[in-house]
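[1] dropping the sequence and predicted coords here.
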Amino acid sequence: MKPSIPKGTRDFSPVQVARRNYIFQTMRTVFVKYGFQPIETPAMENLSTLTGKYGEEGDKLLFKVLNNGDFLSKADTEALEAGDSQKLAPSIARRGLRYDLTVPFARYVVMHQNDIAFPFKRYQIQPVWRADRPQKGRYQEFYQCDVDVVGSQSLMLEAELVQIYDEVFSKLGLDVSIKINNRKILAGMAEAAGVSDKFVDMTIAIDKLDKIGMDKVREEMSERGIPEASIKQIVNMLEVKSLEALRPLMANSPMGQKGIEELQTVFDFLEAANLNNQLNFEITLARGLSYYTGFIVEVAANNVEMGSIGGGGRYDDLTGIFGLKDVSGVGVSFGAARIYDVMETLDLFPKEAEENIQLILIAFDEASHRYAFKCLQKIRSAGIKAELYPDPIKLKKQMAYANARNTPYIALAGSNEMEKGMLSLKNMESGVQEDKSLDEIIQLLK
RNA sequence: GUGGGUAUAGCUCAGUCGGUUAGAGCGCUAGAUUGUGGUUCUAGAGGUCGCCGGUUCGAUUCCGGUUAUCCACCCCA
């Protein structure tokens, strides 16, 4: 049969895994330094945990896991006969693959509330699955890297998360722009323009500003039933570049003023932070996700055309749906795949990230193979990444293998070398070859 | 959910205005080279031309359907 993998999924080959690990390791180092702890949750959740949390669209994109055993005997026969897949699903699938890391995290917090010291700072790096139509840079299986704090309303945490973004991207050698805003400012805009009831429609339109431009945004707001006079006021406020300039425009909106105040506090905390990257107030930043209620943030790479490579914000009542009220959270997410792509485009992966083999031993016959195996132990004890070709087959084959592995050095073991207690070390790039003792080889490669 | 492209060797693809034996590059195997890879040369293996049907004397080629996959939109990371 012809091998294949499900659409929207990918294999990761050694170089890619090594590079991805380098990104993850860089993140982990920073997260831990800021006091965050890792958790992991199962790939599968109960379907009831997931459904209804991502809107109607989201429910359609959930991967459902078919029950084991005689699942048909317990199926909803009424739905089955009616051909109603939507209705049938819960009776034949009680589990689903996780769709993001936030909902499982909320579930985790509620289930473990007695063991958790609040505020709880956690990070989580795991794959998630979405049954979306795949396209460029969008897959059905992909990694998310989330950092969240729950159980505190302090705006200090917003500042910390900005610092984390700044530090991670600096360490990776990426030049980025960090844009921040506050949902309350957007709510204030709606309030000031007298269309509080159209808040969600307004943000959906504003969120597309980068992509479609101001004229189209006006159009979309109009289509979504926002009156012309209000649109004028909103557009007026969208032109504002500083918090100060915004204050008078929001004089009649308590919500807007609260948002300005909150954002100002975040800037104050960061005053002495010495960020490496630009940090800007961006009133047009909206973020599609409706559960954000305060601070919102988005990161874009400079010098390269690629959407956002990270985003997040504050959400009140993350855990309410699971029965734990009034737990506020704030968190950010890193777009692993896009960060990878940007770094590849800009050639930012250091060579050390590849973890390649340093030395391959090659033997001519059974006796020297045994001898080489003994040498191998000593070389490895010195911490050198080395291997011995498993069979003393003809040299051409072993050499071709070493070459394909892209090893910088090989060491040949034959009867001559064995007698002298040495190995013949060959530099694969220059072709220079010389007898060396084990100590010399270890010295050279260490 | 909507629209478009593609499907030919292990991989990436060309090609056949419908006709006898379907090609290239890379990869693979062997040799030139029995203690030396990467370069070069020589030879070889490898194909149900996605699947089902239609038109035709004849279909890998044209038409219809189907499946898979990629891309764009909606949405999202």
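    That came in fine, so what should we check first? Residues are numbered from 1 along each chain as shown, chains lettered A, B, ... in the order given.
[2] could you find the closest non-adjacent residue to A:T51?
    The shortest distance from A:T51 to any non-neighbouring residue, by C-beta to C-beta, 6 or more residues apart in numbering, is to A:D59 (5.5 Å). In short, each C-beta sits where N, CA and C put it, glycine included.
[3] and that neighbour, that one's in a helix?
    Yes. If the criterion is DSSP: H, G, I helix; E, B strand; the rest coil, then A:D59 is within a helix.
[4] pretty sure it sits against A:G52.
    Yes. Between A:D59 and A:G52 there is a contact under C-beta atoms under 8 Å: 6.9 Å.
[5] neighbour count: the two, which is higher?
    Ranked by neighbour count (other C-beta atoms under 10 Å), A:D59 and A:G52 place A:D59 first, with 18 against 11.
[6] what pLDDT does that one get?
    At A:D59, the pLDDT value in this model is 88.
[7] and for A:L289?
    You'll see A:L289 listed with a pLDDT of 64.
[8] how many residues are close by the residue lying closest to A:S437 once chain neighbours are set aside?
    Among residues not flanking A:S437 along the chain, A:M422 sits closest, at 5.4 Å (C-beta to C-beta, 6+ apart). A count of nearby residues for A:M422, using other C-beta under 10 Å, gives 19.
[9] test my guess that A:I185 contacts A:I283.
    Yes. In this structure, A:I185 is within contact of A:I283 by C-beta under 8 Å, at 6.7 Å.
[10] more crowded one of those two?
    A:I185 (27 against 22).
[11] work out for me the element the more buried one sits within.
    Remark: A:I185 resides in helix A:183-192, with elements defined by DSSP states H and E.
[12] which other helices and strands does that helix contact?
    Where contact means 3 or more C-beta pairs under 8 Å, 6 or more residues apart in numbering; DSSP states H and E, helix A:183-192 is packed against helix A:199-207, helix A:228-238, helix A:254-269.
[13] which residues of the stretch 201-350 of chain A lie near RNA strand B?
    Residues of the stretch 201-350 of chain A found near RNA strand B (C-beta under 7 Å from any atom of the strand) are A:I204, A:D207, A:K208, A:G288, A:L289, A:G307, A:S308, A:G311, A:S333, A:G335, A:A337, A:R338.
[14] sorry, back to before: in this structure the residue nearest to A:S437 contacts A:D439, no?
    No. With contact defined as C-beta under 8 Å, A:M422 does not reach A:D439; the gap is 10.2 Å.
[15] identify the contacts common to these two.
    Counting by C-beta atoms under 8 Å, 6 or more residues apart in numbering, A:M422 and A:D439 have no contacts in common.
[16] so the closest residue to A:F269 other than its chain neighbours: helix, strand or coil?
    In space, and not counting its chain neighbours, A:F269 is closest to A:A159: 3.6 Å by C-beta to C-beta, 6+ apart. Classification of A:A159 using three-state DSSP returns helix.
[17] look up how far A:D268 lies from A:A159.
    A:A159 sits 8 Å away from A:D268, going by C-beta to C-beta, to the nearest Å.
[18] these two - which one has more neighbours?
    Each of A:A159 and A:D268 has its neighbours counted (other C-beta under 10 Å); A:A159 has more, 19 against 11.
[19] tell me where the stretch 101-250 of chain A has strands.
    With DSSP state E, counting those that start in this stretch as the criterion, the stretch 101-250 of chain A has strands at A:120-129, A:141-150, A:176-182.
[20] out of those, which gets nearest to RNA strand B?
    Among the strands of the stretch 101-250 of chain A, the nearest to RNA strand B by C-beta to the nearest atom of the strand is strand A:141-150 (4.0 Å).
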